[in-house]
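Novice: next input, structure requested:
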Amino acid sequence: MRQSTYETDTDVQDRAILVSLVTPDIKRGPGDPEHSLQELVSLAETAGVEVLTTVTQNKESVDTKWFIGKGKVEELKALSDELGATTAIFDQELSGAQVRNLEEALDLKIIDRTQLILDIFAQRAKTREGIIQVELAQLSYLLPRLSGHGKNLSRLGGGIGTRGPGESKLETDRRHIRNRISDLKSLLDEVVRHRTLHRERRRKSGVQQVALVGYTNAGKSTLLRELTQADVYVENQLFATLDPTSRNLELPSGKEVVLTDTVGFIQNLPHDLVAAFRATLEEVNEADLVLHVVDSSSVMRDEQISVVEGILSDLGAAGKSQLTIYNKIDVCSAEQKLLLPTGGSDTLVISAYNKEDLQRLSQAIQDKLSGDTRTFLLPAERGDLIALAYRTGEVLEQAVDGDVIKLTVELNKQDYEVHGHKLAEYVEQA
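Specialist: Numbering: from 1, shown residues only. Sure, this is the predicted structure:
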């Protein structure tokens, strides 16, 4: 392998050509290749890369050696020399051998979509949990590809694709990396244990949980900030939120619930990343209500909804009580507004910056969380049932009639489904 001439000093911005391969199989797959490439531009800019141009190659199948074909590689080499590129970023996942071959032919740093997303996560991770999760995902991705990342790994700290575990000298040997992966999984197990205990504590206290989910940059963090006056990072860029943030939200009734913002989803979200962040995403499974926030102004709105629904299904959260929030109505075109849903108890069209819309959303959350109001006639000596009634909902009225306690309770739907059978025989008959 000849000596590379490109520089990857951290003070020098990566100058990249973005490359997408379009085959019949890719066209038939989930998502639109053209939109995916546009999204790759946004991802690269989010990572701090200067995007020089984009290149699309249409082929019948993937070239196992060159990915885009030898002829296209030669065109790409000429273009990169002309533009002064330092990096080529591919919109699809590359094998280690393909990376090695492309590096030799192009004399550029080669990054694929997965690496780019992992790099953005490495930049954004702030908490111990987030840092562990990102490093685990990066190592799991790189382990089978070590032979193809010689240049990237030998220049530690050299811009995109080398952050995070690059400083751990990944090129040493596979055994070292496997040991590190094992250590990280143990650390993550400990984090999961603490998170589970914390969730159980919240559950026992009777506090209901609401999770914000959605495509990246749909406005989840803005909603969290506007609803709870939380001091959270809000920016018009992909993956502005990485570490989950929970804040108390006071509903119109005065009752408080916990509202949690989660990491945004994206088309072709790396499997290693989903696996590493499963502990964080479990917050969605534990929620009493899922708020699916949709960017109403996106031209790919329906596709983004499908991506989120697919990931929720993978997490086992597809059957959760859900409210779909069509956000950013204030920046929608007239045509886009005509395509928005006009009614239904499971959808809401809002702007996160409109106070009346936020009030409607708070009321909708309260309505979704509140079950029916029922009256129970409980034996006074059954303290266990009385306590259960208090845990299963909000007691609106209490009256004592001899050895019977009469409780009027606004029920928590989910808790009543689990524990309600114990109280069912004591419901006052109309």
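Novice: pretty sure residue 318 sits against residue 310.
Specialist: No - using CB atoms under 8 Å, residue 318 is not in contact with residue 310, being 9.1 Å away. Where C-beta positions appear, they are placed from N, C-alpha and C, glycine not excepted.
Novice: can you show me the helices along the stretch 151-300 of the chain?
Specialist: Remark: helices assigned in the stretch 151-300 of the chain by DSSP state H, counting those that start in this stretch are 174-204, 220-228, 271-276, 278-286.
Novice: low-confidence stretches in the stretch 201-350 of the chain?
Specialist: Confidence mapping of the stretch 201-350 of the chain against pLDDT under 70 gives the ranges 206, 231-244, 279-280.
Novice: one more time with 80
Specialist: Scanning the stretch 201-350 of the chain with the threshold set as pLDDT under 80 gives 201-206, 230-245, 263, 268-283, 343-345.
Novice: that older thread, please convert the helices of the stretch 151-300 of the chain to CSV, extending it with distance to residue 406.
Specialist: What follows is the helices of the stretch 151-300 of the chain, written out as CSV (distance: least, CB to CB, whole Å):
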stretch, distance to residue 406
helix 174-204, 26
helix 220-228, 36
helix 271-276, 49
helix 278-286, 33
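Novice: which one of those lies closest to residue 295?
Specialist: helix 220-228 (10.0 Å; CB to CB).
Novice: what helices and strands are in contact with that closest one?
Specialist: strand 209-214, strand 245-250, strand 256-261, strand 289-295, strand 322-327, helix 355-369 (3 or more CB pairs under 8 Å, 6 or more residues apart in numbering; DSSP states H and E).
Novice: off-centre distance for it?
Specialist: Here helix 220-228 shows a centroid-to-chain-centroid distance of 16 Å under the convention CA atoms, centre = their mean, to the nearest Å.
Novice: taking strand 256-261 as reference, get the angle to it.
Specialist: If you take axes from the mean of the first three to the mean of the last three CA atoms, to 10 degrees, helix 220-228 sits at 160 degrees to strand 256-261.
Novice: can you list the buried residues in helix 220-228?
Specialist: Of the residues in helix 220-228, 220-228 count as buried by neighbour count, 16 or more other CB atoms under 10 Å.
Novice: dump it to PDB, keeping only the CA atoms.
Specialist: This file holds the C-alpha atoms of helix 220-228, laid out as PDB (Å, rounded to 0.1, in the frame of the first residue of the first chain):
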ATOM      1  CA  LYS A 220     -39.000  16.500  20.400                       C
ATOM      2  CA  SER A 221     -36.600  18.500  22.400                       C
ATOM      3  CA  THR A 222     -38.400  21.800  21.600                       C
ATOM      4  CA  LEU A 223     -41.700  20.200  22.800                       C
ATOM      5  CA  LEU A 224     -40.000  19.000  26.000                       C
ATOM      6  CA  ARG A 225     -38.600  22.500  26.600                       C
ATOM      7  CA  GLU A 226     -41.900  24.400  25.800                       C
ATOM      8  CA  LEU A 227     -44.000  22.000  27.900                       C
ATOM      9  CA  THR A 228     -41.800  21.800  31.000                       C
END
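Novice: run the chain-centre distance for stretch 271-289.
Specialist: With CA atoms, centre = their mean, you get 8 Å for stretch 271-289.
Novice: so which bits of that stretch are buried?
Specialist: For stretch 271-289, a neighbour-count test (16+ other CB under 10 Å) marks 272-274, 276-277, 279-284, 286-289 as buried.
Novice: helices along the stretch 301-430 of the chain, start to end?
Specialist: 301-314, 334-338, 355-369, 383-392, 413-419.
Novice: can you lay out the ones you listed as JSON lines showing distance to residue 39?
Specialist: Output for those, formatted as JSON lines (distance: least, CB to CB, whole Å):
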{"stretch": "helix 301-314", "distance to residue 39": "10"}
{"stretch": "helix 334-338", "distance to residue 39": "19"}
{"stretch": "helix 355-369", "distance to residue 39": "28"}
{"stretch": "helix 383-392", "distance to residue 39": "44"}
{"stretch": "helix 413-419", "distance to residue 39": "35"}
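Novice: out of the ones you listed, flag the one nearest residue 97.
Specialist: helix 301-314 (29.0 Å).
Novice: what residues sit buried inside that closest one?
Specialist: Buried positions in helix 301-314, judged by neighbour count with 16+ other CB under 10 Å: 301, 303-305, 307-309, 311-312.
Novice: ditto for stretch 124-137
Specialist: 124-125, 129-137.
Novice: the closest residue to residue 69 other than its chain neighbours and residue 116: what is the separation?
Specialist: Nearest residue to residue 69, sequence neighbours excluded (CB to CB, 6 or more residues apart in numbering): residue 63, at 4.7 Å. As judged by CB to CB, to the nearest Å, residue 63 and residue 116 stand 21 Å apart.
Novice: more neighbours, these two?
Specialist: Neighbour count, other CB atoms under 10 Å: between residue 63 and residue 116, residue 116 has more, with 25 against 17.
Novice: got a pLDDT number for that one?
Specialist: For residue 116, the model assigns a pLDDT of 92.
Novice: name the helix or strand for it, please.
Specialist: Using DSSP states H and E, residue 116 sits within helix 113-124.
Novice: tell me which helix or strand comes right after that helix.
Specialist: helix 128-142.
Novice: so that following helix versus helix 113-124, what angle?
Specialist: Between helix 128-142 and helix 113-124, the angle comes out at 160 degrees (the same axes, to 10 degrees).
Novice: next, residue 41: secondary structure please.
Specialist: Following DSSP: H, G, I helix; E, B strand; the rest coil, the label given to residue 41 is helix.
Novice: which non-adjacent residue is nearest it?
Specialist: Using CB to CB, 6+ apart, the nearest residue to residue 41 is residue 51, at 5.5 Å.
Novice: cool, and residue 40?
Specialist: residue 91 (4.8 Å).
Novice: tell me which residues of stretch 245-263 come out buried.
Specialist: Buried-residue list, stretch 245-263, by 16+ other CB under 10 Å: 245-247, 249, 251, 255, 257-263.
Novice: which residues sit against it?
Specialist: For stretch 245-263, contacts defined as CB atoms under 8 Å, 6 or more residues apart in numbering pick out 202, 207-213, 220-221, 224, 227-228, 230, 232, 239, 241-242, 244, 277, 280-281, 283-284, 287-288, 359, 362-363, 365-366, 369, 394.
Novice: tell me how many other residues surround the residue lying closest to residue 341 once chain neighbours are set aside.
Specialist: Spatial nearest neighbour of residue 341, chain neighbours left out: residue 347 (4.7 Å); criterion: CB to CB, 6+ apart. Neighbour count of residue 347, defined by other CB under 10 Å: 17.
Novice: next: residue 346.
Specialist: 13.
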